[in-house]
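Chemist: Let me see the structure of the following:
(chains A and B)
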Amino acid sequence: MDIELRNIHKRFGTVHANNDISVVFPAGRITGILGENGAGKSTLMKILSGYQPADTGDILVDGNASRFSSPEDAIQEGIGMLQQDPLDVGAFTTLENFVYGRPERVLPDWQAARKDLEEASAHLGFDLEAETPVERMSIALRQQLEIVRLLALGVKALILDEPTTGISAEQKQTLFAALQQLAHRDGVIILLVSHKLEDVITLCDKVVVLRDGRRIGEEDMPAPGETDPVTLEKIKSQLVHLMFGQELGPHVRLEVPLDKVVLQLENLNLRDRRLQIENLNLSLRQGEVVGLAGLDNSGQGLTMRAICGLESVSSGRVLLEGEDMTNRSYRSFLHRGVVFGAAGRLEEGLIAGLTLTEHMALVRSGRAVLDWPALESYTSESLKHYDVRGEAEDRIEQLSGGNQQRVLMALLPANPQLLILEQPTRGLDVESARWIWQQLLERREGGTAILFSSAELDELVAYSDRILVFHAGRVHEVSDVASTTIDELGYLIGGEFKQV
Amino acid sequence: MNVEFLNTLASVVANATPLVIASIGETITERAGVINLSLNGSLIVTAMAGFIAARVISFGVDVDAIDMIASAEAGLIGGVVVAMLVGALVALIIALSSIELRLDQVTVGFILTLLMADLAQFLGQEYTRIPGPVVPKWPVPLLQDLPLLGPVFFQQNVLVYLSYVLVIGLWFWLFRTRPGMAHRAIGERPEAAYARGTNVNRLRYVYVVLGGALVGVAGGAYSLHFKPGLSNPPAMQGDGWIALAIVIFGGWHPFRVVVGAWLFAALRAVSSDIQKNGLAVLGQTIEFNFVLLNGLPWLMLIVTLLLVSSGAIERLLLLLPGPVQRRMRSVLRSDPPRAIGTTFEVD
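Modeler: Sure thing, here's the model as predicted:
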């Protein structure tokens, strides 16, 4: 099967999300769709998989023009999409999810379905267990289930939207191996939507770059196993050039003199329902940046929340500038200049439904009666300063993810003692992430200490003075970050402390 | 076993029946992701409609008539059908306002519950405290002779048997059939249902109206058997709220819902017994304040709800061996359908 998109246009209000995009996807090839946030990747893929209709333009499947009015139509034509957050039902078991949507009779043939599921799972080297409830599965397993399910429905073209977000290095290898097998052995068309250069270079045969809704260019990728760093670096910079229209300079690590100790953790013991952290010791000095690495839910979130009073400490002490703050409220931490930024921007960090001015009022105004005009002009000013694309009277959820993150930066106090940030650049493209770090590092120069977690190893290596690696509640410190490679860090995160 | 005790159990099962039917109806609705909060009003208005329809069919419109113009069966069937239609109609208002107009389901449900209760009293005024047809007992051949089970479960009326069928039928539907999976999916994750070709909003209409129809049957069951006739204030005042609570207690699972309804009816029986006879403690009979005793089942309900929502029941699950755990999971899970109260639109 071949798929061709011809002159696809899609507008949302004044935004031209897809502007005359034409591209061919041949059978048995893995094509990367690369672009920064808002480049139009997701829109194009939603059109191709039936979630949205195009305004104009044609989808040709094996040369025949097709129109999809629903995802089901697209699946009938052999095109299926794996969403970033897989579209499964949490309350169902793996098997139920697999069966639901199949053309079964009123009473499904559970035995046959189970056999199909297990065979398909084994065929791709996956590890799916029919009776496991989906809500207890990791993103990686849910992706595997969705892939198996779509293929069982006869899908010959598989679209994956940012599939490597939130999964471990090892899980990524499994996924990529399966995708390679599907494309090169079974002749399936694989489309990988991503903003991660490493991923597309490792996996794809060809990369199509979108920018501002247009198709900017196309590059062939090196054969798998290509390891020559010079070649890889060259391809990378070409892709970056296509994505942003400019090359990003290399990041230069600034040496900031470390001053007095801000935060000290003494024999900290923490516990939540899943894991336990014992005897954590750490001292953090002014201007120091410490990164927390590890898979999701390995203890980084618990630690960061316990440090600022959002989770309780079982035993041990949290000292802030020498003063014992153990188990004090977040409010008293905030009062002392400790600010926490949660990973879930709209869940924990910002309040959906409130305008930007109202957000500003919540953190800035100490008075009972609010001076709205003053707050409004102050907000507008800081939006300009932080380069937020949005107005003071916009509600926060109307902004894109990158702009929401910028608003969060604008809401931070000017000179905090300690910033505790959970995945501050999650879901942001390279440029937005750089901008966020530029802001953070400016504050660092003013003496702010930063504690952050990240799922991106290169981000951790690039910005941290020290790294704490979390694995199932155990903590391992990497003090010499400058000589640590991303590979070594990957092993640590996987729990293989001996390799290093 | 003591005959008196078996009779008590049988009356608990019987008295729980309208609650079972109403809670099963609400479970159907909420499993589809919509909450019908109008239950209390719906029960009162459908009880009124069902009774008046049955009375008019059997005795004619004259409220003083004593001679029947049609058989009691005709009146009863007509009464239940009318109650069902009225219940479906109230539910249709909920469906239209939440799916089409995107109004808040809690607000609309609350307004309807008040409106319907008042409407029932206004329209039913003339038919208050007059006799009408009553659903007769009909012991099931063979089954009624089973030891213990027979006298408790199978010497009842058709409505009670209907409640058994509904409980088992809904369980089978939800957890064993393909359309049942779609039913659960539209209440859990409508986006996923849509991606699999399910017409989310159309199905929501179907299940909301179906659930409402059952609430109607429950209303009819009150006025045509369990609390025959109409009274002012309505005899089943408050039971709609209890049915809503039982759905939560029941973790949206038919088996637990029926246990919840029976448990509540048993508590009521105990408290009314104490009310009548006092409580014998160490040979002494203690009298209780009426108002306090009437509150007892409610208090117990709050306590059990607390236990359920604290996850205590789910923690029990962890004590069971693996394979049993898997089998019991769908029963002991107490999470609400995740998309409950939300609207769905294709973007």
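Chemist: Show me where the stretch 351-500 of chain A has its helices.
Modeler: For the stretch 351-500 of chain A, helices defined by DSSP state H, counting those that start in this stretch occupy the ranges A:356-364, A:372-385, A:401-411, A:430-445, A:457-463, A:486-493.
Chemist: swap in the stretch 51-200 of chain A?
Modeler: A:71-76, A:94-99, A:110-123, A:139-152, A:169-184, A:197-203.
Chemist: repeat for the stretch 201-350 of chain A
Modeler: A:229-244, A:300-307, A:330-335.
Chemist: Please identify which of the helices of the stretch 351-500 of chain A is closest to chain B.
Modeler: Evaluated with CB to the nearest CB, the helices of the stretch 351-500 of chain A place helix A:401-411 nearest to chain B, the distance being 16.7 Å. From N, CA and C alone the C-beta is placed, and that goes for glycine too.
Chemist: Report the angle between the closest one and helix A:372-385.
Modeler: Between helix A:401-411 and helix A:372-385, the angle comes out at 120 degrees (axes from the mean of the first three to the mean of the last three CA atoms, to 10 degrees).
Chemist: hang on, the earlier thing: could you work out which of the helices of the stretch 351-500 of chain A reaches nearest to B:Gly219?
Modeler: Of all the helices of the stretch 351-500 of chain A, it is helix A:356-364 that lies closest to B:Gly219, at 45.8 Å by CB to CB.
Chemist: and that closest one, what does it pack onto?
Modeler: helix A:372-385, helix A:401-411 (3 or more CB pairs under 8 Å, 6 or more residues apart in numbering or on different chains; DSSP states H and E).
Chemist: per-stretch mean pLDDT over those helices, give me the minimum one.
Modeler: Across the helices and strands packed on helix A:356-364, helix A:401-411 has the smallest mean pLDDT, namely a mean of 83.
Chemist: Residues in contact with that helix: which ones?
Modeler: With CB atoms under 8 Å, 6 or more residues apart in numbering or on different chains as the test, helix A:401-411 has contacts from A:37-38, A:341, A:345-346, A:349-350, A:356, A:359-360, A:363, A:382-383, A:385-390, A:396, A:399, A:424-425, A:427-429, A:432, A:435-436, A:439.
Chemist: Would you mind giving me the ChimeraX syntax to select the buried ones in these?
Modeler: Listed next is the ChimeraX selection for buried residues among the contacts of helix A:401-411, using 16 or more other CB atoms under 10 Å in any protein chain shown:
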select /A:37,38,341,345,349,350,356,359,360,382,383,386,388,390,396,399,424,425,427,428,429,432,435,436,439
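Chemist: Ok, which of the helices of the stretch 201-350 of chain A comes nearest A:Ala113?
Modeler: Of all the helices of the stretch 201-350 of chain A, helix A:300-307 sits nearest to A:Ala113, with 36.8 Å by CB to CB.
Chemist: Not counting that closest one itself, show me its contacts.
Modeler: Against helix A:300-307 from outside (CB under 8 Å, 6+ apart): A:263, A:265, A:268, A:270, A:272, A:275, A:277, A:280, A:292-294, A:311-313, A:318, A:338, A:340, A:343, A:420, A:422, A:451, A:453, A:470.
Chemist: Now which of the residues you listed would you call buried?
Modeler: Looks like those have A:263, A:265, A:268, A:270, A:272, A:277, A:280, A:292-294, A:311, A:313, A:318, A:338, A:340, A:343, A:420, A:422, A:451, A:453, A:470 buried, using 16+ other CB under 10 Å.
Chemist: Which ones among these map onto strands?
Modeler: A:263, A:265, A:268, A:270, A:277, A:280, A:292-293, A:318, A:338, A:340, A:420, A:422, A:451, A:453, A:470 (DSSP state E).
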